[in-house]
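Undergrad: Sequence and predicted structure, then a few things I'm wondering about:
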Amino acid sequence: MAETKAYSQAAGTGKYEKATGLLGKYDNVRRFWEDQLTGIMLRPYLNELTDRKHKQLKRIRIADLGCGSADGYDLITGVNREEPGIYDFITAAVTPETLQEYVGYDLNEDLLEQAREHLSGNGKVRFEKADFSDGLKMLEKEAPFDLYMSSYGTMSHFTNEQLVKIFRDICLHAEDGALIIGDWLGRYSYEWQDLWHHPPDEEYFMDYRISYIYPEEERDQADIASFDLRLMTREECINIIKRVEQETGVTIKPLHFFDRSIFVGRHLSTGDYNRHAPRWLRHQTNSLFEGYTRTDLSTLMVDFVPRPGFDHLNNFYEHFFMCCNTLIEHTIAMLRNYNCRKGELCERPPEVPPYYPEPLKDAIHTMRAVIEGSGWLDWGDPRANIIEPHLGYSLRKMEMDLQPGTGVGHSLVGVFQVVK
Ligand SMILES: C[S@@+](CC[C@H](N)C(=O)[O-])C[C@H]1O[C@@H](n2cnc3c(N)ncnc32)[C@H](O)[C@@H]1O
């Protein structure tokens, strides 16, 4: 029958699959939290770079090291120049007009093929196979780039010796003012608390499994390959930079280090590396951002289990999760006593003590304004579609404001500038 053939044909394209942001590589946390947080943190440096190049009547050239399927291209071109107001149309920091060329390098042909397909028709992008195990030889035939970037843990594939060669080759190739973005896995993420004890002055590679993309029931049966990935601290990055400076005589100025995904790193959901991990947390945080899906907010509260002997980390996490839990408690309390008919809170909301950290006070006040401003809407499920996503953004903001940038998130990102 014609319709059977048509439906089967459509299903065969894969595009008929149910779309959900609750699971998978590009889940809601990845898109609305991790990508966005990265963009907000990179924004001032990208703005400065594009402005500087523009004054020189030049556009920017980007090398994406370990580009995979070109997620870095989407990440960088998705960074906004500023928080867009309510009226303005969003303006990206790197637009097609300000980009001269983007070149993605990777070892994996399959991923490069995906990248080419993803950006086919875009004349300003190019993908090349390259192995960085012994430095970046492929740069020799290229004009200098303005941005040498990596994203989502790529730099964790390399040892100290290899990283020194990679940074050295960038320094020799780059011109004054070029930016480098190094993206590693953080050494002291809560999701791998069982691995914290490895000596910080020794390189440590974890046995990494991409197990989180499988639903829990399939995880044990699936034959999931594992590979070594380096866990990093800010101090280890700085030591590498110092060695490169000594070797090349070029200054590498660290501009900013930040942690990404402290609250809900991917591996919390597997519990592979933390027996106390709240395994439901990533799913529930994804649910906050999922349209027309209500979340039991109490499931977002984290009962952090300290690891004896790691006071410094325990103190950080205790404080961080107490702040997050307090925001969630206040949000639940305000929702409970909100009168939708009158469009106001029935009782005064719980006190916000003046000694709370500023980011927590801001987040509570913001959630109150969001609830009071939208809870009365009669259609479009304001709780699922406005209030819950905003709780997600508020938690993300607290992660940005309360973090040390030392390697306590799933990822540690360093932004550096070459000074010649
Ligand atoms: C964690 S993935 C990140 C991919 C991509 N940047 C993203 O944001 O999703 C690391 C990438 O580094 C690449 N890679 C690993 N070892 C490499 C090597 N020795 N030389 C070049 N690329 C390598 C892998 O093929 C993979 O695409």
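TA: Noted; the coordinates are in hand.
Undergrad: Next, the contact list for residue 388, please.
TA: If a contact means CB atoms under 8 Å, 6 or more residues apart in numbering, then residue 388 has 287, 288, 289, 294, 295, 297 as its contacts. (C-beta placed from N, C-alpha, C; glycine too.)
Undergrad: can you list the residues of the stretch 51-200 of the chain near the ligand?
TA: By CB under 6 Å from any ligand atom, the residues of the stretch 51-200 of the chain that approach the ligand are 66-68, 71-72, 106-108, 111, 130-133, 151-154, 157.
Undergrad: Just the ones in helices from the residues you listed, please.
TA: If you go by DSSP state H, these have 71, 72, 111 in helices.
Undergrad: How many residues are close by the residue of the stretch 301-420 of the chain found nearest the ligand?
TA: Nearest residue of the stretch 301-420 of the chain to the ligand (CB to the nearest ligand atom) works out as residue 411 at 9.7 Å. If you count neighbours by other CB atoms under 10 Å, residue 411 ends up with 26.
Undergrad: Just confirm it contacts residue 266, I think it does.
TA: No. If you go by CB atoms under 8 Å, residue 411 and residue 266 don't touch, sitting 9.9 Å apart.
Undergrad: just to revisit the earlier point, skipping its backbone neighbours, what lies nearest the residue of the stretch 301-420 of the chain closest to the ligand in space?
TA: Excluding the flanking residues, the one nearest residue 411 by CB to CB, 6 or more residues apart in numbering is residue 260, at 4.3 Å.
Undergrad: got a list of what that neighbour touches?
TA: The neighbours of residue 260, taking CB under 8 Å, 6+ apart as the test, are 34, 37, 38, 186, 409, 410, 411, 412, 413.
Undergrad: Adding secondary structure and pLDDT, write those out as a markdown table.
TA: Shown next, in a markdown table, are the contacts of residue 260 (DSSP: H, G, I helix; E, B strand; the rest coil; pLDDT from 0 to 100):
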| residue | secondary structure | pLDDT |
| --- | --- | --- |
| 34 | helix | 98 |
| 37 | helix | 97 |
| 38 | helix | 98 |
| 186 | strand | 98 |
| 409 | coil | 98 |
| 410 | coil | 98 |
| 411 | strand | 98 |
| 412 | strand | 98 |
| 413 | strand | 98 |
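Undergrad: so where do the strands sit in the protein?
TA: 60-65, 99-106, 125-129, 147-149, 179-186, 204-209, 226-232, 251-260, 338-339, 344-345, 411-419 (DSSP state E).
Undergrad: Parallel or antiparallel, list what pairs with the second one.
TA: Sheet neighbours of strand 99-106, with direction, are listed as strand 60-65 (parallel), strand 125-129 (parallel) (DSSP bridges).
Undergrad: who's in contact with the shortest one?
TA: Spelled out, that is strand 125-129. Strand 125-129 has contacts (CB under 8 Å, 6+ apart) with 67, 70, 73, 101-107, 109, 112, 115-116, 119, 138.
Undergrad: right, and the helix or strand after the helix or strand bottoming out on mean pLDDT in the chain?
TA: None of the helices or strands of the chain scores lower by mean pLDDT, DSSP states H and E than helix 2-12, at a mean of 73. Using DSSP states H and E, the helix or strand that follows helix 2-12 in sequence is helix 28.
Undergrad: what's across from the residue of the stretch 301-420 of the chain closest to the ligand in the sheet?
TA: Here residue 411, judged by DSSP bridges, has bridge partners residue 185, residue 260.
Undergrad: Let me see the contact set for it.
TA: Here residue 411 is in contact with 34, 152, 153, 183, 184, 185, 186, 259, 260, 261 (CB under 8 Å, 6+ apart).
Undergrad: Over to residue 262?
TA: Residues in contact with residue 262 (CB under 8 Å, 6+ apart) are 189, 190, 320, 399, 403, 408, 409, 410.
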